[in-house]
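[1] I would like the atomic coordinates for the input below:
(chains A, B, C and D)
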Protein chains: 4
Amino acid sequence: MPDKAHSAPQAGPLLDEDQSRAIEEARARTSETRRSISEDLEEILFQPLPVLDHGFVRVIDYMGDDAAIVQAARVSYGRGTRKVSEDRGLIRYLMRHRHTTPFEMCEIKYHVKLPIFVARQWIRHRTANVNEYSGRYSVMDREFYIPAPEHLAAQSSSNRQGRGDVLEGEEAAEVLEILKQDSRKAYADYEKILNETEDGEPLDENRQGLARELARMNLPVNFYTQWYWKVDLHNLLHFLSLRADPHAQYEIRAYAEVMLDTVKRWTPLAYEAFTDYVMGGTHISKQGLDILRRMLDGEQVTQETSGLSPREWRELMASLGR
Amino acid sequence: MPDKAHSAPQAGPLLDEDQSRAIEEARARTSETRRSISEDLEEILFQPLPVLDHGFVRVIDYMGDDAAIVQAARVSYGRGTRKVSEDRGLIRYLMRHRHTTPFEMCEIKYHVKLPIFVARQWIRHRTANVNEYSGRYSVMDREFYIPAPEHLAAQSSSNRQGRGDVLEGEEAAEVLEILKQDSRKAYADYEKILNETEDGEPLDENRQGLARELARMNLPVNFYTQWYWKVDLHNLLHFLSLRADPHAQYEIRAYAEVMLDTVKRWTPLAYEAFTDYVMGGTHISKQGLDILRRMLDGEQVTQETSGLSPREWRELMASLGR
Amino acid sequence: MPDKAHSAPQAGPLLDEDQSRAIEEARARTSETRRSISEDLEEILFQPLPVLDHGFVRVIDYMGDDAAIVQAARVSYGRGTRKVSEDRGLIRYLMRHRHTTPFEMCEIKYHVKLPIFVARQWIRHRTANVNEYSGRYSVMDREFYIPAPEHLAAQSSSNRQGRGDVLEGEEAAEVLEILKQDSRKAYADYEKILNETEDGEPLDENRQGLARELARMNLPVNFYTQWYWKVDLHNLLHFLSLRADPHAQYEIRAYAEVMLDTVKRWTPLAYEAFTDYVMGGTHISKQGLDILRRMLDGEQVTQETSGLSPREWRELMASLGR
Amino acid sequence: MPDKAHSAPQAGPLLDEDQSRAIEEARARTSETRRSISEDLEEILFQPLPVLDHGFVRVIDYMGDDAAIVQAARVSYGRGTRKVSEDRGLIRYLMRHRHTTPFEMCEIKYHVKLPIFVARQWIRHRTANVNEYSGRYSVMDREFYIPAPEHLAAQSSSNRQGRGDVLEGEEAAEVLEILKQDSRKAYADYEKILNETEDGEPLDENRQGLARELARMNLPVNFYTQWYWKVDLHNLLHFLSLRADPHAQYEIRAYAEVMLDTVKRWTPLAYEAFTDYVMGGTHISKQGLDILRRMLDGEQVTQETSGLSPREWRELMASLGR
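    Modelled structure (predicted):
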């Protein structure tokens, strides 16, 4: 299911034995419900979908499906759906005209394992519920993110907030080595000042160890954290429109793309409408519309005669595939 | 299930035949799911729980149960629950110490039919999702709220925002008559200016009729509207703590009390903790604590020696049952 | 300042003497501040800008200006602005690329008087703060909205949620008469069941009067209410993009257009960018972009060969002015 | 102004020369405004109030004062205030009865410099606006948090989420040394893989340097970041009630306490009410109230006869000072 491109080879297994067993037990249990279900999503429920080198996305729970969008839009007494083609038409209409409230009637809950620096971008989306693993209360895992060689990008020279060419050869090797060494050292020192191992064993019986809430300050932001994250479909799509965008940092995009696949399983009609009207579309400015009209009237418009800045002109031409 | 006190005798049936059939069909269909379920809530799923004279609350969907609160608090790989007594203890601890995020991991969706003036109080709670029946798009129903005689209260003379004695005799009869007459007249005139009946039949083929979005302005706020309302458990409990409170207007309290019963079915442990720590408890101010300490030390404190205003003193004594 | 088209001739003065005096006193007082100010907005501070027949919008307070957007985007120690042209460029860049957080750093507070049915649409925007006049606590004003004759529209025959031709002649006169009569009757009966006049005088000393929170249920939704409404610039622009849109109901659009003028005074650079990139622009779908590319390549595309539904085709052509 | 206890001796000056000059220039400029002002807050506007070893809180802007709370509660045409004693009484009433919306009518904006691990706790409060310094776009500062010796606490043995005794002697020295060394090494390696110094100078002209958005992953969470944070008074007080609480981690409490002082300057009446009813008060459960009633009736209640768990009993006795 997850985009292969984002599934870096794992240094080790994604889960330990206890975790795998807990997930298998949860998957084995089923119940009868009167609620609407989404069969394709049930299929992968609880399973970890790998992202980056140690991360994952797991769908833990959900509420509603495509029919629930239609049902809410119609404020129905029963299921509220008619023929598939009518439901599809209504969902596309709602998406096209920004009638967002029916999409808020579906809810999904994920368990995500992700580097702290990705978590810091993610949490900027406020219309969601979060329960994060607590480094005040528990010892942090010894797991950190090291980019795969093909993602080891240099600073872009044209875009201050972007990536340029991939580093290669000696420079790449040196960078990877520094990242690994520093992460290992940081964790070893974390255990030392905690006076405790990852498994909670004391290192030196005669010492106390620094409080967990303080010791964690030694860990870099490439260490993994995890959280439960719950969001409604409208706000999830908004998140994905920004984070699955090519301008987003690669590491969060890797999560967004795996999540897009879960939306496709969950609410395929909403997913299709989102793909057509939001992700695949573009916004054209007032000036851009004027230029389009001139071009359609046969005028040869250039950047110079367009009135747009070189940058905006490039952006407009790119969206028109020219 | 709903509090009998709030189930006023219905003027007619709560639902028409189509609505009843749609609900029965929805209730008859069940599916297998890997999600956790709440059996007591499944039992009443989709059923209208009557409130006031024509209103109802229906649970349409839900996500999570008591175990989901525990699971999120522990950021678990599996179900995350242990012994019932441990789960109960954790839920009570979370409630007592205002660790609210795990309660946000449960979500519920209601279909509610309610007078417009109740809807206007309700909507002030912003952390929820809403889809309301549209009076721009559809003809409004001919249903309006008339208080039961025992709720026909006079203005309180001591509290500008409250009710006093129940009106009786001739005055009560006159008030009820005015309310009914004006509502009937308003609806009849609504149909006349719409040039359309409740069922969508034109009244006069040679006329156009005022736009629905304008004609509805003639209807008083005791007319019923309906909406789908979706909220997480934490925000639902906050809503209920304010709206099931004796200071809330009776009409919205009637809804809140029926919804409290649905919470009891859905997440009984969270409900119990909420009852013990929030609804049944009270907040004591700094000055109040000082007075309590003096009283426990044996001092006879009076309002005069308390330093509190008469009103705050009364409130404090009331919460202590004195 | 307010759009003349929306300033219906007032039946009487917009404010009573006490209100006018209170506003004049507030306007007369000035203080020294270190905060950034917006001179053009200061000019109209506290003044009622008329909307519909008895409504208004008043700017009560604000925080930040165009420079505050720049300052936040740069996380500056000082004012953070450079040359006007650079600031303008940055603001346009932020608007174009949906970097919305810097626009949230400006805040504005309005006092609005508006019909209840408009308030009900307005309140659907949840990311704002609201304090509404309380009909539980105080007697409601005897003011209700009657559409000006040129806004007395018939139901659209093509769009279930829209207006068609303006009603004329006898039908228009009858509709207006019904609306006025019913509103007057509703208020007179409101006073009667309250046993109190608009000015708080008892009607019959021997009666109690129904509680205010109940009596108000007799008033139709064209009665005016009022509130303080506070919102950040980003969410205000989002509100305006939906409510100043031609698809919005005329009555709320009248408010949105007056508020657009206040934004122009407050943050002229953000206003300009909003006008160019949001209000004046359009969203083109994936299919729409494909069609545009074919047209720019010289193909004669028709609705039939476009693959779009007739409705989507019309919408696309309209946005291209064809 | 800031609590002395939280102003650790600075390793160097809090601001560089450019920053100090920018702040002084901003402070020197004043304008006339019709808006209400808060004189005591104007006095410290823009000034950095030191927190921890390199952090600060600066008030950048504000909107409203105590009078604005009263004005909104009364939905006034003018200033809306009466005698100070009446305004004070109303504000206390609103605070006591959880009428929170008038407090939302005041807004404040801070510029905060804080360690990343503090920022991660802080951002969990979602009802606020944030603009953070971007490590994707700019080089991070070489500033990291090292606890003052008196805050170098061991893990609590009784409370998994708390601190115990302060570490001393050799163990303390070793912990501090590790934290410092690892932070210095992390930053030196950050520059090396960036191939750039803190001031933006390239280290090796023949190399490209890793993208900023990737290189930052090497920095531990005790490094400082900074943001603009804007919030309304109600949500600020809620934040402070949780983060100035003794259960909060010391490092975020240090910020909360400095911010409490800014609230005291800004809205002294709201601050006083908050201190009396929220911070200084306590919540008593249903069971706790029963016990209080028994104690006030003269019964000698013990933990065993109370029905409370030992932990709840201790908490109840602590709040009663017994």
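[2] so which bits of the stretch 151-300 of chain A are right by chain D?
    For the stretch 151-300 of chain A, the contact set with chain D under Cβ under 8 Å from any Cβ of the partner chain comprises A:152-156, A:160-165, A:167, A:171, A:174-175, A:178-179, A:182, A:185-186, A:189, A:192-194, A:207-214, A:216-222, A:249. Where C-beta positions appear, they are placed from N, C-alpha and C, glycine not excepted.
[3] pull out the buried residues from the residues you listed.
    With burial judged by 16 or more other Cβ atoms under 10 Å in any protein chain shown, the buried subset of those is A:152-155, A:162-163, A:167, A:171, A:175, A:178-179, A:182, A:185-186, A:189, A:192-194, A:207-214, A:216-222, A:249.
[4] which ones among the residues you listed map onto helices?
    Among these, the members found in helices (DSSP state H) are A:171, A:175, A:178-179, A:182, A:185-186, A:189, A:192-194, A:212-214.
[5] just to revisit the earlier point, give me the subset of the buried ones among the residues of the stretch 151-300 of chain A next to chain D that also touch chain C.
    Okay, of these, nothing touches chain C (Cβ under 8 Å from any Cβ).
[6] residue A:129 touches residue B:104, doesn't it?
    Yes: the criterion here is Cβ atoms under 8 Å, and residue A:129 meets it with residue B:104 at 3.9 Å.
[7] what do the two both touch?
    Shared contacts of residue A:129 and residue B:104, defined by Cβ atoms under 8 Å, 6 or more residues apart in numbering or on different chains, are found at A:230, B:232.
[8] how many other residues sit next to residue A:318?
    Number of residues near residue A:318 (other Cβ atoms under 10 Å in any protein chain shown) recorded here: 10.
[9] tell me the spacing between it and residue C:287.
    The gap separating residue A:318 from residue C:287 is 18 Å, by Cβ to Cβ, to the nearest Å.
[10] try residue A:226
    39 Å.
[11] which ones are touching residue A:192?
    Contacts here follow Cβ under 8 Å, 6+ apart; on that basis residue A:192 touches A:203, D:178.
[12] if you could redo that for residue A:247, that was the one I meant.
    By Cβ under 8 Å, 6+ apart, the contact set of residue A:247 is A:162, C:97.
[13] 7 Å instead?
    In this structure, residue A:247 makes contact with no residue, judged by Cβ atoms under 7 Å, 6 or more residues apart in numbering or on different chains.
[14] ditto for residue A:125
    Residue A:125 is in contact with residue A:239, counting by Cβ under 7 Å, 6+ apart.
[15] which SS class is it?
    What DSSP: H, G, I helix; E, B strand; the rest coil gives for residue A:125 is coil.
[16] what's the burial count for whichever residue of the stretch 201-322 of chain A sits closest to chain B?
    Closest residue of the stretch 201-322 of chain A to chain B, Cβ to the nearest Cβ: residue A:228 (4.6 Å). Residue A:228 sits with 28 neighbouring residues when counted by other Cβ under 10 Å.
[17] surely it is within a strand?
    Yes: assigned with three-state DSSP, residue A:228 falls within a strand.
[18] look at the residue of chain A most remote from its centre and report its pLDDT.
    Most distant from the centre of chain A: residue A:206, at 44.4 Å, with distances by Cα atoms, centre = their mean. Per-residue confidence (pLDDT) for residue A:206: 87.
[19] ditto for residue A:83
    86.
[20] run a quick neighbour tally on it.
    Residue A:83: 8 neighbours (other Cβ under 10 Å).
[21] one more: the one 5 residues further on?
    Each residue near residue A:88 was counted by other Cβ under 10 Å, and the total is 17.
[22] and it, what helix or strand is that in?
    Per DSSP states H and E, residue A:88 falls inside helix A:84-96.
[23] go on, residue A:56?
    strand A:55-63.
[24] is there proximity between that strand and chain D?
    No: between strand A:55-63 and chain D, judged by Cβ under 7 Å from any Cβ of the partner chain, nothing touches; the nearest distance is 13.4 Å.
[25] right, and the helix or strand after that strand?
    Sequence order places helix A:66-73 as the next helix or strand after strand A:55-63, per DSSP H and E.
[26] and the residue of the stretch 51-200 of chain A found nearest chain B, how close does it get to residue B:27?
    Nearest residue of the stretch 51-200 of chain A to chain B: residue A:78, at 2.7 Å (Cβ to the nearest Cβ). Separation of residue A:78 from residue B:27 (Cβ to Cβ): 9 Å.
[27] next: residue A:157.
    64 Å.
[28] of those two, who's got more company?
    With neighbours defined as other Cβ under 10 Å, residue A:157 and residue B:27 compare such that residue B:27 has more, 16 against 10.
[29] what strand or helix carries the more buried one?
    Assessed by DSSP H and E, residue B:27 sits inside helix B:17-28.
[30] how far out from the middle of the chain is that helix?
    Its chain's C-alpha centre and that of helix B:17-28 lie 24 Å apart, by Cα atoms, centre = their mean, to the nearest Å.
[31] list the buried residues for it?
    Across helix B:17-28, burial judged by 16+ other Cβ under 10 Å covers B:22, B:23, B:26, B:27.
[32] filter these down to the ones close to chain A.
    Near chain A, by the rule Cβ under 7 Å from any Cβ, you find B:22, B:23, B:26, B:27 out of these.
[33] and the last one, what does it touch?
    For residue B:27, the residues meeting the contact criterion (Cβ under 7 Å, 6+ apart) are A:34, B:45, B:46.
[34] how does it look with 8 Å?
    By Cβ under 8 Å, 6+ apart, residue B:27 lies in contact with A:34, B:45, B:46, B:47.
[35] per-residue pLDDT of it, please?
    96.
[36] contact residues of the stretch 51-200 of chain A facing chain C?
    Residues of the stretch 51-200 of chain A that fall close to chain C, judged by Cβ under 8 Å from any Cβ: A:96, A:97, A:98, A:101, A:124.
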